[in-house]
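what shape does this take:
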Amino acid sequence: MDSDSTAAAALAERLVKPLGRRWLHVQAVAARANELRHAVSPEDEDTLVAAAWLHDIGYSPEIGHTRFHPLDGARYLRAHHWPETIVNLVAHHSGARFEAAERGLADQLAEFPFNDSPLLDALVAADLTTGPAGERFTYDERMDEILSRYQPDDPVYRTWTKARPVIGEAVARVERRLAAAQPR
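Numbers count the residues shown, from 1 in each chain. This next block holds a predicted model:
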């Protein structure tokens, strides 16, 4: 690992390890991001892995002020001078813009520029093909698992009902990029 991903792993361990099962998820997402690194440019590989380590730090009670983990994590990282690309990836990972709208937090999330990019796609794919305890899932299996935990009137359920096809396209783009990167 390079400097950002090494520091990210250490920070994630400090903030997320006390959360138990969430730590298993974060470790597996970082490992999955490392597997997906060829879906981004070589200069972005370390950024992808660092963002994977950091994507759920906003769940830490130490920094979770709004109770919307992408926003809390991004604000913490920005305040601690992490690179803007990593901050924005954490802010917008895995359909955060859809959930922010459901929770009335879209204006606050807008503090962080949204960049629909191969980096964001790869982070989404790493997160949403990894289960809550680190299990490997397909995207559809992960969506079904998430929806099974929430009632239809819950903001998370409503988020994924709307976001599922849009975010599914991000995962499909990663799969196409990986296929194109394979030797012929």
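
run through this protein and note the low-pLDDT ranges.
1-2, 183-184 (pLDDT under 70).

tell me the spatial nearest neighbour of the residue positioned nearest the centre of it, not counting adjacent residues.
Nearest residue to the geometric centre of the chain (C-alpha atoms, centre = their mean): residue 93, 3.9 Å. Spatial nearest neighbour of residue 93, excluding adjacent residues (C-beta to C-beta, 6 or more residues apart in numbering): residue 55 at 4.8 Å. (C-beta placed from N, C-alpha, C; glycine too.)

OK, contacts around that neighbour?
Taking C-beta atoms under 8 Å, 6 or more residues apart in numbering, we find residue 55 in contact with 26, 29, 70, 73, 89-90, 93-94, 123, 127.

now residue 160
When contacts are counted by C-beta under 8 Å, 6+ apart, residue 160 touches 95, 98, 143, 146-147.

sort out for me which of those are in helices.
98, 143, 146-147 (DSSP state H).

all helices for the chain, in order.
For the chain, applying DSSP H gives helices covering 3-16, 21-35, 45-54, 69-79, 84-92, 96-103, 106-109, 118-127, 139-148, 155-181.

which residues touch residue 164?
residue 143.

what's the neighbour count on residue 43?
Neighbours of residue 43 under the rule other C-beta atoms under 10 Å: 7.

could you do the one 4 residues further on as well?
Applying other C-beta under 10 Å, we find 24 other residues in the vicinity of residue 47.

which residue packs closest to it, ignoring adjacent ones?
Leaving aside its sequence neighbours, residue 47 sits nearest to residue 85 (C-beta to C-beta, 6+ apart; 5.6 Å).

residue 119 is in contact with that neighbour, correct?
Yes: here residue 85 reaches residue 119: they are 7.1 Å apart, a contact under C-beta atoms under 8 Å.

so what sits against both of those two?
Taking C-beta under 8 Å, 6+ apart as the contact rule, residue 85 and residue 119 both touch 47, 51.

just the terminal-to-terminal distance for stretch 131-142.
6 Å (C-alpha to C-alpha, to the nearest Å).

quick check: buried residues in it?
For stretch 131-142, the buried set under the neighbour-count rule, 16 or more other C-beta atoms under 10 Å, comprises 131, 134, 137, 139, 142.

show me what that stretch is in contact with.
Contacts for stretch 131-142 (C-beta under 8 Å, 6+ apart): 21-22, 24-25, 27-28, 32, 125, 128-130, 145, 167-168, 171.
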